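J.: Below are the sequence and a predicted model; questions follow.
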Amino acid sequence: MTEFLLMSHVLFGVACIVAAVWLFVDVLHASAANLPRIRRMSWAAAAVMWLAFVIGGYWYVTYYKADKAIILSEHNKHWHFAHEMVMETKEHLVIMLLLLATYLPIAASNNLAENKDARRLMLWVVALTALLALAMDGEGGIIAMGVKTGLLAK
Amino acid sequence: MDPTSLSKASISFGLSLAITSVLNAIIVAVKEKSPTVMDGMKKITGHHWTTHVLLVLALFVGFALVFGALNGGKGKAITAGKLIGTIVSGVVVAGLIIVGFYLFAD
């Protein structure tokens, strides 16, 4: 069950990255024809980010304690940063990512086909979302590696 | 709505996003440095992070409502360039505060 939760968290997080990159390209070519798709994709990006956040948050609050103990174990000293730096920043940076993803459908509600300023706003928000989501994905990988090295060193 | 202007919601929530991101970072520093705040946040929901998230979400919606209510309900007036600058600055500064805090101050 915990593995399923964790993999779902990763799956939806990666889906958010894919949706953000898709949006970036679509907004670059915004027109009356693709505007409905841009808006649907914005809602999709926000929805998968919320799923990733809620699932990951539940896992963090409920199950992370055991992984944290493995990462911070005495024989895993070189990987303590996986919790002390990486998880600590991830759990707080991801809140900003949630706000950015939530803002996507709001920014996409403007007339992106005719409004250059609205397109610029959307592109910046999508870019921040994609970059931050990618950073969260990388941090998740480092945390998982911290657990792995902790288990292997036992 | 003028097709070349930004909607009230996108301005209100955009400004709120920037402010709330910075407040999120400040809450991190305060709760990590103050055991009293940390314990209080744990007591409210059972976990400091859950309380932190709920507080930030409440601030995000609250600030957006405030910005939307300005100018007699027409919302805060701001150019797209300033809004983008505020959002990007807010997110980048907040990110640097969080990373910097755990690198140097914690």
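T.: Right, received. Where do you want to start?
J.: Only C-alpha atoms from now on, for both contacts and neighbour counts.
T.: Noted.
J.: which residues of chain B score low on pLDDT?
T.: Across chain B, the ranges flagged by pLDDT under 70 are B:1-4.
J.: what does chain A give?
T.: Ranges of chain A meeting pLDDT under 70: none found.
J.: Smallest gap between it and chain B, at which residue?
T.: Closest to chain B within chain A is residue A:115: 4.6 Å, counting by CA to the nearest CA.
J.: Give the burial count for residue 35, as a bare number.
T.: The chain I'm using is chain A. Residue A:35 has 20 neighbours, counted by other CA atoms under 10 Å in any protein chain shown.
J.: think we crossed wires, I meant chain B
T.: 11.
J.: residues in contact with the residue nearest to the spatial centre of chain A?
T.: Against the mean C-alpha coordinate of chain A, by CA atoms, centre = their mean, the closest residue is residue A:133 at 3.6 Å. Residue A:133 sits next to A:13-14, A:16-17, A:94, A:97 when contact means CA atoms under 8 Å, 6 or more residues apart in numbering or on different chains.
J.: of the residues you listed, closest to residue B:52?
T.: Nearest to residue B:52 out of the contacts of residue A:133 is residue A:94 (CA to CA; 11.9 Å).
J.: Packing partners of the biggest helix by length in chain B?
T.: Assignment by DSSP state H gives helix B:8-33 as the longest helix of chain B. On a contact count with 3 or more CA pairs under 8 Å, 6 or more residues apart in numbering or on different chains; DSSP states H and E, helix B:8-33 meets helix A:88-107, helix B:35-45, helix B:48-69, helix B:80-100.
J.: Comparing the ones you listed, which comes out most buried?
T.: helix A:88-107 (a mean of 23; mean count of other CA atoms under 10 Å in any protein chain shown).
J.: That helix vs chain B: in contact?
T.: Yes. Helix A:88-107 reaches chain B (CA under 8 Å from any CA of the partner chain) through A:88-89, A:91-93, A:95-96, A:99-100, A:103, A:106-107.
J.: If I take the host helix or strand of residue A:125 and helix B:8-33, what angle do their directions form?
T.: Following DSSP states H and E, one finds residue A:125 within helix A:116-152. Between helix A:116-152 and helix B:8-33, the angle comes out at 30 degrees (axes from the mean of the first three to the mean of the last three CA atoms, to 10 degrees).
J.: Noted, bye for now.
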